[in-house]
Each structure stands twice: as C-alpha cells, then as structure tokens.
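[1] fold the following.
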Amino acid sequence: MPKIPKLIGSLIKTTWSKMFITALVIEKQQLTVDLLKIRFQANLQDATYKVGQAILIQISATEYRNYTPSVFNKSEGYFDVIFHQAAEGPGTTFFKQINIGETIITSLPRGRSIYNSKANYHFFYGDDTCIGICEALQEIIKKDQGKLIGILELDPLSISYAYQNLKHIDFINPPDYNAISPALDYLSNIDEYTWNKYTKGHFYLMGNGKSIQQFRKALREKGIPSENITTQPFWVKGKIGL
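    This is a model prediction of the structure:
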C-alpha cells in the first residue's frame, strides 16, 4: 500500500480503528551511514505478533509503508525497526527527519508468520533491507536452541554492524546483474556433506524481488521443495513501496 487517497486512508483507519495505534519515538540510533534504528513506545496489549509480520506506518497524508520489526516486546510496550536508508524516497526522508518525542500512526502487526519451528536448519538469503527481520528470526531460532545461517548481500558500510549482530551469517558483495550472482556462486560451492544437512531445513529468501527469483530457482534445481522456501520481496528496482 504505497499511496492511497487521503479520504480512503481516513476511512480505512476509521473502519479498522482497532488495528491502528499511535506510537511514540523514544530512541533513535544511526547504526551506519545507511542503517537507522528507531524504538517506538506504544500500547501493544491488543497485538498478536509473530516473527515476519509487518506493520503499516503512515508517512504522509496519503502514503504508507510496510516495515518488519527487529524487536517486538509486547509486555514492555515497545518495538524496534531498522530502516535501510540508501534509497532516496519519502520513507527515508520521513524517518531521517523524525525526532524523539514525536509520534507516528501505525497498524498492529499483521500477515503471515515465516518461522518454521519444525525445521532442522534455517538458511537466510537477503540484503541490507533484511537486517532487521534477520535479527528477529535469529532470536527466535536461538530460543529454540538452533541457529540461523545463510548469506546477506551487503554494502561494505553495513558489514561492521551485521558482523557484530548476525553471528552465523556470511556477507558477500551485492550482485552485478550483468555477471554471475555472488549468491548463486556461493550456493554452488557448498560442499556435499553440508548441503545434505541443509536439505532438511527451511530457506527464507527476502529483499530484492529479482534476486529472490534467481535464488529460489537455483534452490528448486538443487531439489529443495517449494514448501521449504519462504519468499518476501521488500523492493524491486524502479518501484516504490512494495
């Protein structure tokens, strides 16, 4: 829902009033040049949150953006979102300019849960836009005595933060779409013993829509069934507000 008429937006919030809340900005931290973390405080008692669900934040009278929390603490009444700010757009500008003490209108979490608690292994593929959801998924897997493995295509400026917070993820260069994808090259070089273990796991593919399609195709060709692959595009080049 990138942009809707102001009147329609008002009707939606009125009709689904229980789904929308006011949240207060209580912390704002610039993690890297392009990564911004904001903590929001709100009454979350009516929320039912599962990892991977998104919140819909109003960024203007007519524009809304979906974001996935990296932390969602219902009992203490706060949630964190890590915003990737490399792209110039209304969402980037809105959160760059917002100040501690100001409020936003946001929906409660909604959508599907992505976590497959029955899987023996969990493999994540994504990019800079996925760091927040990757952290959230890593935390729930850790609580279940497992670990999240995989690869992220990162800008060099994001690697220092990711290295400190995503302990079992490998970091590679973003793809040059005129050459072989580094992620596909990485996948093809996983040794047979390790790959046989991964085939019993679940794969989470997020971030760029085109990259997801390529990686999913490669997984299917290597025998991974579609039910063991979860996909969620966050952006596509040339499009605004997936």
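[2] for burial, what's the neighbour tally of residue 111?
    Residues contacting residue 111 under the criterion other CB atoms under 10 Å number 14. (C-beta placed from N, C-alpha, C; glycine too.)
[3] same thing with residue 195?
    By the measure other CB under 10 Å, the count of residues near residue 195 is 15.
[4] cool, and residue 77?
    15.
[5] before we move on, what about residue 225?
    Number of residues near residue 225 (other CB under 10 Å) recorded here: 9.
[6] pLDDT-wise, which helix or strand of this structure ranks last?
    The helix or strand of the chain with the lowest confidence, counting by mean pLDDT, DSSP states H and E, is helix 6-15 at a mean of 49.
[7] helices of this structure, residue ranges please.
    For the chain, the helices defined by DSSP state H cover 6-15, 90-97, 131-143, 156-165, 182-188, 192-198, 209-221.
[8] can you redo those helices as a markdown table with distance to residue 23?
    As requested, those are exported to a markdown table (distance: least, CB to CB, whole Å):
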| stretch | distance to residue 23 |
| --- | --- |
| helix 6-15 | 14 |
| helix 90-97 | 13 |
| helix 131-143 | 16 |
| helix 156-165 | 23 |
| helix 182-188 | 35 |
| helix 192-198 | 38 |
| helix 209-221 | 28 |
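[9] just those: most buried one?
    Most buried of these, by mean neighbour count (mean count of other CB atoms under 10 Å): helix 131-143, with a mean of 20.
[10] now the angle from that helix to helix 156-165?
    Taking axes from the mean of the first three to the mean of the last three CA atoms, to 10 degrees, one finds helix 131-143 and helix 156-165 inclined to each other by 20 degrees.
[11] just checking, what packs against helix 131-143?
    Using 3 or more CB pairs under 8 Å, 6 or more residues apart in numbering; DSSP states H and E as the contact criterion, the elements in contact with helix 131-143 are strand 71-73, strand 78-84, strand 122-127, strand 148-153, helix 156-165.
[12] what does the lengthiest strand in the chain contact?
    Secondary structure of the chain read by DSSP state E shows that its longest strand is strand 20-30. Applying CB atoms under 8 Å, 6 or more residues apart in numbering, the set of residues contacting strand 20-30 from outside is 13, 36-44, 78-79, 98-108.
[13] go with 6 Å
    By CB atoms under 6 Å, 6 or more residues apart in numbering, the surrounding residues in contact with strand 20-30 are 13, 36-42, 98, 100, 102-107.
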